[in-house]
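Sequence first, then the predicted structure:
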Amino acid sequence: METLTFRDFVSLLELHDNKIVQPEDLISSDVYQLIEIKEGVVSIVVRLVETIHFNEGGSKTFYTKFEYTVDIQKPMFWQSRDEFKIIFNNWYSLFEYAKLHYTSSKGEVYEQYITRKKTSSGVVPFEFAVRQKIDGDTYYLSGISGLAIMKSQHNLSLYLGYNHKQFITNNVLGEHWSDWNWDINFNE
């Protein structure tokens, strides 16, 4: 069985949306970061993996794959549910998932995959339990890793935030802002 390339994957996702984009018509694009700001006790790291574009009627449609990690340094013993937000400007999410990493007091690891509803604004957060009871042992969230594939005709501005969900307010524990631009000749 062959592995799908990023181009193949984008082509299949677009076909699912009734748009034909051939993998050979997707062109590599260089991306550079304009700005990055990080705050909070929970560390959030974003890495753009690959960007490709498709020439379409005088405009370009960009597809960007990025990965992220959230490092939670201390187990949150008293917390029950938290949320993780990814917000983006004028982009459409083609595919997203998050992998929750849990660790027991014995050092055993449990992982759970989650997703969220696709929206054009990205305002629906991932919600999850901070503690999991598995086979009599309690596991605490130690981190999150994930992947997203986005589509747009504009530059990318990202906001990622990790929040404690509380009864009345949400306490922000970690935030990441970044802006990305393409190094490309738009007249080609």
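Yep, that arrived.

What average pLDDT does stretch 17-26 get?
Taken as a whole, stretch 17-26 has an average pLDDT of 87.

Give the burial count for the residue lying closest to residue 59 once chain neighbours are set aside, as a bare number.
In space, and not counting its chain neighbours, residue 59 is closest to residue 153: 5.7 Å by C-beta to C-beta, 6 or more residues apart in numbering. Backbone N, C-alpha and C define where each C-beta goes, glycine included. The local packing of residue 153 (other C-beta atoms under 10 Å) involves 12 other residues.

And the one 10 residues further on, by the same measure?
Residue 163 has 20 neighbours, counted by other C-beta under 10 Å.

Pretty sure it sits against residue 171.
Yes: using C-beta atoms under 8 Å, residue 163 makes contact with residue 171 at a distance of 6.5 Å.

Now for the residue nearest to residue 59: which residues touch it?
By C-beta atoms under 8 Å, 6 or more residues apart in numbering, the contact list for residue 153 reads 59, 60, 61, 62.

at 10 Å instead, please
53, 56, 59, 60, 61, 62, 90, 91 (C-beta atoms under 10 Å, 6 or more residues apart in numbering).

what sits against residue 39?
161, 172, 173, 174, 175, 176, 177.

which among these end up buried?
161, 173, 174, 175, 176, 177 (16 or more other C-beta atoms under 10 Å).

So which of those residues belong to strands?
161, 173, 174, 175, 176, 177 (DSSP state E).

May I ask which two of those are separated the most?
Farthest pair in those (C-beta to C-beta) is 173 and 177. Separation: 15.2 Å.

Tell me which of the contacts of residue 39 has the lowest pLDDT.
residue 172 (83).

Let me know the secondary structure of the closest residue in space to that residue that isn't next to it in sequence.
Nearest non-adjacent residue to residue 172, counting by C-beta to C-beta, 6+ apart: residue 163, 5.4 Å away. Under the three-state scheme (DSSP: H, G, I helix; E, B strand; the rest coil), residue 163 adopts strand.

gap between residue 163 and residue 175?
For residue 163, the distance to residue 175 (C-beta to C-beta, to the nearest Å) stands at 9 Å.
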